[in-house]
Structures are given as structure tokens and as C-alpha cells.
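1. Got a predicted structure plus its sequence, pasted below:
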Amino acid sequence: MRVFINGESKELSGAPSLAELITQLDLPAARIAVELNRVVVRRSEWSDTVLHEDDRVEIVHFVGGGFGSCAN
Amino acid sequence: MSTAVTATSSRDSLIIAGRKFSSRLIIGTGKYRSFDQMRSAHDASGAEMVTVAVRRVPLDRSSESFLDYLNPALQILPNTAGCYTADDAVRTARLAREALETDFVKLEVIGDQTTLFPDNEQTLEAARVLVKEGFVVLPYFTDDLIMAKKLLDVGCAAIMPLAAPIGSGLGVQNPANLRIMREQLPDATIIVDAGVGTASDAAIAMELGADGVLMNTAIAEAQDPAKMATAMKLAIEAGRLAYLAGRMPKRLYASASSPVQGVIR
């Protein structure tokens, strides 16, 4: 199944939940946030949110920055 | 003297959406040469709030949490830096709130890559949406009184006019606009955001009546960021005290301060 994660096309086996995806990607669950098809998914809903073909997932964290696009 | 300054500062807090800050300096987290350097500059500045940017997590490598390098006592102010539309800024703010559990957001919608000037129209649109969703919105905007009024009308908790282009270090380019804003909006919380280059710039912003200053590059790109952070802390305190003290009027000609009477002839 193909999904887009942070703009990159990824092939996933099965239909994982967002929680499973975070684990598979080896991301720390703390202080990140997830958007599915442009809507924020609350952390408490990650386990119950199953991915579908062509879903667009954005996973963000925080970086140094004050203004503009000067962030790393 | 230092006791007097401290006493004045502690009574004179910056309050944003009911949160009290004894420091009127808000600083950024970008452009430092190392995390240690950032941490020592933050400590030296006395700032109680720092702004951080929201970005996609890299998927190809494990990334350590940048936030772990921040002093945990600091209030984190996520920003929408790098957004060019109201829609992107709103999405970014929502993601930041979910991850950090804070309603505070430094709203920034850029209109142009060369100047990084704000798109005021998009900023206002985003502010309207975010305020309705319960965010404490601190918008970066052009130093314009009418725009300031519109942002306050939609419910922004504070307004953040620029002093000069982001990262330019030019200092307050239009002091008259800041003075007018202060005089016309006596109850607004005005935080000068962007363009400060050195301590005197921060002092001038405060003397003009700003309630605070937000800066990043002026500290991060200094030869010695921790030293500059200390300078900024003192400049902001000095500028604030000078504003509260009420400066003397400017005169074109001399005005003697010694008595005319009794001079020996």
C-alpha cells in the first residue's frame, strides 16, 4: 500500500495504524505531532487511526528557529 | 542600583493572556553554532520564553529532540516561521499545539522571500481562525497602526510589529510608527519582533514604549552570544525604565542646568 509521509512516497505492508507507523519509522513519540490528510490526529487517536491507500501523513517536530526560513 | 532595578522589574511584569513574565525579552533558537552556546545565551538573557520552529521530522535518520537542549523552565512559543499562506500557518499552529500542549503561537506568514516581510492579509486571516480555536496569537506584522488595530480586533493577545527586516540587524527603522502605535493603542501589548541588531536597538524599542522585544539573530550571530544576551537583558531593562521615567523634551538650543545667579565676575 502506498502512502505519502512528509511528501515522500512509501510502500507499507498491510494497513498499519498511525501508532504502528511511528514505531516502524523509529520515531520518538514525545513532542511530535501528526497530521493525516491535513487534519491533526491527536496522540490518543493514533492507535485507532488506520492508514489507507494514498493517505498523506505529515509528522513534525521542533527545530531551532526564530523567524523566516532560517531553521536547520 | 542593581537592587533598585530588580525591584522595579519585579513589579513591572509583562503579562500575555494571563501569564506573567518578569523578563521582557523573548528569544529565538536558530543560528547558534552549538546547542551549548544556545543554552548559555538563553541563561544569560534571563528570557522566560523562547520561540521554536515546526518542521517535518527527517525519516532517513534518527534525530535527537532539539527541545531536550532547552531549559525546561522556559515557556516555549512555537512559531509558524516559513509559512507563506494562512492555511499553512493554521495547520502548523495546530500541529504545534498538539505536540507541545501550549496555546501560545507566534504567527508568521511571510509574503516575500527576499525581504521576509509579512503578508499582513494572510496573517489577519490566520489570526482570525486561530483565535476562534482558542490560541493565544502573537502575530508578526508590518509596523502599521491600522493593521495593529485589525489584529487586536480579531482577538490577538499581543501584536508584534517588525523593527526592520528579519535578520537584518538594522534596528528600529521607523520610530515614529512605533510611537504612534504606543500612543494610539495604550492598552495593547506591543512586542517588537525582528530587526534588532545590538543592545541600543533594543533599548530604543523599549524607550518608544514597546512592552517587549523578540530577537534571534542579534544574539545568535554575535561573536559572543552569551555576552550579547546579557547586553540585551540590560538594554531592555534600561529602555523600559527610561520609558517609565518619561524622558525630557528635546530642545534645539542649550538649557543651562546650573543657576544663573551667583556666578563670580
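-> Looks like it came in fine.
2. can you count the residues close to B:V90?
-> 23 (other C-beta atoms under 10 Å in any protein chain shown). In this view, the C-beta of every residue, glycine as well, is placed from N, C-alpha and C.
3. Correct me if wrong: it contacts B:V131.
-> No. Counting by C-beta atoms under 8 Å, B:V90 sits too far from B:V131 to count as a contact (11.0 Å).
4. Now for residue 39, how many residues are close by?
-> Reading this off chain A. Counted with other C-beta under 10 Å, A:V39 comes out at 9.
5. Chain B is the one I meant
-> B:R39: 15 neighbours (other C-beta under 10 Å).
6. Quickly find the element holding the residue nearest the centre of chain B.
-> Centroid-nearest residue in chain B: B:L214, 2.1 Å away (criterion: C-alpha atoms, centre = their mean). Element membership for B:L214, per DSSP states H and E: strand B:212-215.
7. Tell me how far the most centrally placed residue in chain A lies from chain B.
-> Centrality entry for chain A: nearest residue to the mean C-alpha point is A:I59, 3.4 Å, by C-alpha atoms, centre = their mean. The gap separating A:I59 from chain B is 5 Å, by C-beta to the nearest C-beta, to the nearest Å.
8. Now do the helices in the stretch 101-250 of chain B.
-> Assigned by DSSP state H, counting those that start in this stretch, the helices in the stretch 101-250 of chain B fall at B:120-132, B:145-153, B:175-184, B:199-207, B:217-220, B:225-245.
9. distance of the residue nearest to the centre of chain B from B:Q173?
-> The gap separating B:L214 from B:Q173 is 16 Å, by C-beta to C-beta, to the nearest Å.
10. again with B:A157
-> 25 Å.
11. So for these two, which sits in the more crowded spot?
-> More crowded of B:A157 and B:Q173, by other C-beta under 10 Å: B:A157, with 21 against 15.
12. picking that back up, how about the helices of the stretch 101-250 of chain B, which one is nearest B:S45?
-> B:S45 lies closest to helix B:225-245 among those, at 3.8 Å (C-beta to C-beta).
13. With chain A in mind, check whether the closest one reaches it.
-> No. Applying C-beta under 8 Å from any C-beta of the partner chain, one finds helix B:225-245 separated from chain A by no less than 12.6 Å.
14. hmm, who's touching that helix?
-> B:5, B:8-9, B:12, B:23-25, B:27, B:32, B:37-38, B:40-47, B:196, B:198-200, B:202-209, B:212-213, B:215, B:218-219, B:222 (C-beta atoms under 8 Å, 6 or more residues apart in numbering or on different chains).
15. pLDDT of that helix, averaged?
-> The average pLDDT for helix B:225-245 rounds to 97.
16. Same check on stretch B:107-120?
-> The average pLDDT for stretch B:107-120 rounds to 94.
17. same question, stretch A:28-44
-> Across stretch A:28-44, pLDDT averages out at 92.
18. For it, list every residue counted as buried.
-> A:R31, A:I32, A:A33, A:V34, A:E35, A:L36, A:V40, A:V41, A:R43 (16 or more other C-beta atoms under 10 Å in any protein chain shown).
19. and chain B, which of those contact it?
-> Among the buried residues of stretch A:28-44, the ones lying close to chain B by the criterion of C-beta under 8 Å from any C-beta are A:R31, A:I32, A:A33, A:V34, A:E35, A:V40, A:R43.
20. Which ones among those map onto strands?
-> Counting by DSSP state E, the part of these found in strands is A:A33, A:V34, A:E35, A:V40.
21. which residues does the third one bridge with?
-> According to DSSP bridges, the residues that bridge with A:E35 are A:V40, A:E58.
22. you'd agree it is up against A:V57?
-> Yes. Here A:E35 reaches A:V57: they are 7.1 Å apart, a contact under C-beta under 8 Å.
23. ranges for the strands of the chain?
-> Using chain A. Listed in chain order, the strands found in chain A under DSSP E are A:2-5, A:8-11, A:33-36, A:39-41, A:56-64.
24. wait, I meant chain B there
-> In chain B, strands defined by DSSP E lie at B:14-16, B:19-21, B:25-27, B:49-56, B:75-79, B:104-107, B:136-141, B:160-161, B:191-193, B:212-215, listed in chain order.
25. in the second one, what counts as buried?
-> Residues of strand B:19-21 classed as buried by neighbour count (16+ other C-beta under 10 Å): B:F21.
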